[in-house]
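Q: the sequence and its predicted three-dimensional model are supplied below.
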Amino acid sequence: MPASVRGGSRKPTRPRAEAPASPKARPAARNAAPPAGKLQAARGGVGVSPRLALTVAGGALAVAVIATLATGHRLQHLGEALGRGVDGEFADLGFKLKTVHIEGASPMAKADILNATALYQDQPTLGLDLNDLRARVEGVGWVKSAKVVRLLPDTVFISVEERPALAVWQHSGAMRVIDGEGRIIREADAARFPQLPLVVGQGADQAAGAILPAVNARPRLRDRLEALVRVDDRRWDLRLKDGSLIQLPAIDEESALIQLDQLDQRQRILDLGFARIDLRDPEMVAVRPRDAVLPGQPVAGGA
């Protein structure tokens, strides 16, 4: 009886599955649930797109690579390689050199400047080092200063201030073209400048800039001039095409030339063919005719 009473009167119990889950079971259930809701919340609440997240991660990776390579010249080589790659990509889009404009230079100087740039057709324009290019241009003897501008996509513009050729300097058997400051224009061939005055001797290159404007201002003297000879690096002798010699003082050359002008206006002294006109003494002009006989010198044909 007790057994049947117990069995018949017992109320059915609830299944164990309906009992509250234990705290240890909750993480398992959370892991089993699909994470779609949390991804959506991250997108909406935080506002970071997957593409941006990947970009940031890629940037961090790049920084790490660069930091790793920053010993020795590996970083420099990496930068150069990346630069070449970018330059090549832009060159394929039309950013490559087609034209070089040079302004302010004579035709003869332009050829030397273009040669010094070492630029070539279809060279990537974005990869040009403009500072290095300007330094190369200013290394040309013709050039006093230069500006270099890149005109995208395909042009380089070079503006120069040219050193004008002043004279041909002869010294130690060499002939060189110089400018007004006495600087040698290395690229200039002296044989191609027969119209320039000739200055001769040590120090003539540095002193020519002071005397030549005064000589060039006097056409009758300038047109008869063969060479200006520097004597002891102190003063000038002017040698004329007819063999005459004009001796200038060591100081105040302008006053001596004015004195020569006055003699030429009154007596046409430059046409008379004197062997020597000595202007070294401001108080007296000494003139020796070409056929003068020196004291003690026998006369040709004499007894």
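A: Alright, I've got the coordinates.
Q: helix/strand/coil for A109?
A: On the three-state scheme (DSSP: H, G, I helix; E, B strand; the rest coil), A109 is labelled helix.
Q: that one against V143, yeah?
A: Yes. A109 lies in contact with V143 (Cβ atoms under 8 Å); the separation is 7.4 Å. Heads up, the C-betas are built off the backbone N, CA and C, glycines and all.
Q: shared neighbours, those two?
A: Taking Cβ atoms under 8 Å, 6 or more residues apart in numbering as the contact rule, A109 and V143 both touch 160, 162.
Q: just the helices in this structure please.
A: In the chain, the helices defined using DSSP state H lie at 2-9, 26-32, 36-41, 50-69, 74-92, 107-117, 130-138, 204-216, 219-222, 253-267.
Q: do you know the pLDDT at R186?
A: At R186, the model reports a pLDDT of 95.
Q: who's in contact with the residue lying closest to it once chain neighbours are set aside?
A: Residue nearest to R186 in three dimensions, not counting chain neighbours: G141, with 4.3 Å by Cβ to Cβ, 6 or more residues apart in numbering. Contacts for G141 (Cβ under 8 Å, 6+ apart) come out as 112, 163, 183-188.
Q: state the distance from G141 to L128.
A: 23 Å (Cβ to Cβ, to the nearest Å).
Q: repeat that for P194.
A: Counting by Cβ to Cβ, the gap from P194 to L128 is 39 Å.
Q: repeat for S106
A: From S106 to L128 the distance is 25 Å (Cβ to Cβ).
Q: if we can go back for a sec, neighbour count winner among P194 and L128?
A: Neighbours were counted for P194 and for L128 using other Cβ atoms under 10 Å; L128 has more, 17 against 8.
Q: surely the more buried one touches F157?
A: No. Using Cβ under 8 Å as the test, L128 is too far from F157 to be in contact (11.9 Å).
Q: overlap in contacts, these two.
A: Shared contacts of L128 and F157, defined by Cβ under 8 Å, 6+ apart, comprise R150.
Q: mind checking pLDDT for the nearest residue to K96 once chain neighbours are set aside?
A: What sits nearest to K96 in space, not counting adjacent residues and going by Cβ to Cβ, 6+ apart, is D122, at 4.6 Å. Per-residue confidence at D122 stands at 91 (pLDDT).
Q: report how many residues lie close to D122.
A: Counted with other Cβ under 10 Å, D122 comes out at 10.
Q: cool, and T117?
A: Neighbours of T117 (other Cβ under 10 Å): 19.
Q: how about the one 4 residues further on?
A: Neighbour count for Q121, taken as other Cβ under 10 Å: 9.
Q: now swap in Y120 and tell me
A: By other Cβ under 10 Å, 7 other residues sit near Y120.
Q: ditto for I251
A: Neighbour tally, I251, other Cβ under 10 Å: 10.
Q: if I look at it, how far off is A167?
A: Between I251 and A167 the distance is 22 Å, computed by Cβ to Cβ.
Q: also E181?
A: Taking Cβ to Cβ as the measure, E181 falls 12 Å from A167.
Q: those two - which one has more neighbours?
A: Set side by side, E181 and A167 show unequal neighbour counts under other Cβ under 10 Å, the larger going to A167 at 25 against 12.
Q: does that one really touch M175, like I thought?
A: No. If you go by Cβ under 8 Å, A167 and M175 don't touch, sitting 10.6 Å apart.
Q: counting neighbours, what do you get for G243?
A: Neighbour count of G243, defined by other Cβ under 10 Å: 11.
Q: for it, give me its contacts.
A: Counting by Cβ under 8 Å, 6+ apart, G243 has contacts 273, 275, 290.
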